[in-house]
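[1] Have a look at this fold, sequence not included:
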């Protein structure tokens, strides 16, 4: 499902880029996959995104944000997607 950025902070692109480049050093903070390189497990090109741990897109405190590869982001989101589908 595509992300709807209308509820995100107006500076979200800057905030997320800072987390990815400066704190995470262009690596997934869970599995250490390097941004732009083939994923060590899947072979797919890694594109890092920033995830809100508490799922509140308005809470942009650094402790609530984590840089993730697609594989790790999907693993974290899976239980919420299943729950949402059950409630639809």
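    Perfect, thanks for sending it. Every value quoted in this text rests on a predicted model; they were computed, and no experiment measured them.
[2] Helix or strand with the lowest mean pLDDT in the protein?
    The weakest-scoring helix or strand in the chain, judged by mean pLDDT, DSSP states H and E, is helix 70-87 (a mean of 85).
[3] Check what contacts it and list those residues.
    By Cβ atoms under 8 Å, 6 or more residues apart in numbering, the surrounding residues in contact with helix 70-87 are 28, 30-31, 33, 39, 41-42, 44, 46-47, 49, 51, 55, 68. The C-beta positions use only the backbone N, C-alpha and C, and glycine is treated the same way.
[4] please redo it, this time with the cut-off set to 6 Å
    Identification of contacts with helix 70-87 by Cβ atoms under 6 Å, 6 or more residues apart in numbering yields 28, 30-31, 49, 51.
[5] Of the residues you listed, which is the most crowded?
    residue 28 (24 neighbours; other Cβ atoms under 10 Å).
[6] what are the ranges of the strands in this structure?
    Taking DSSP state E as the test, the strands found in the chain are 49-52, 65-68.
[7] Arrange those in a markdown table, one row each, with distance to residue 84 and mean pLDDT as further columns.
    Formatted as a markdown table, the strands of the chain follow (distance: least, Cβ to Cβ, whole Å; pLDDT from 0 to 100):
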| stretch | distance to residue 84 | mean pLDDT |
| --- | --- | --- |
| strand 49-52 | 16 | 96 |
| strand 65-68 | 19 | 98 |
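[8] Distance to residue 12 for those strands - can I get that in a markdown table?
    Listed next are the strands of the chain as a markdown table, based on distance: least, Cβ to Cβ, whole Å:
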| stretch | distance to residue 12 |
| --- | --- |
| strand 49-52 | 8 |
| strand 65-68 | 10 |
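[9] Between those strands, which one is closest to residue 5.
    Nearest of the strands of the chain to residue 5, taken as Cβ to Cβ: strand 49-52 at 12.0 Å.
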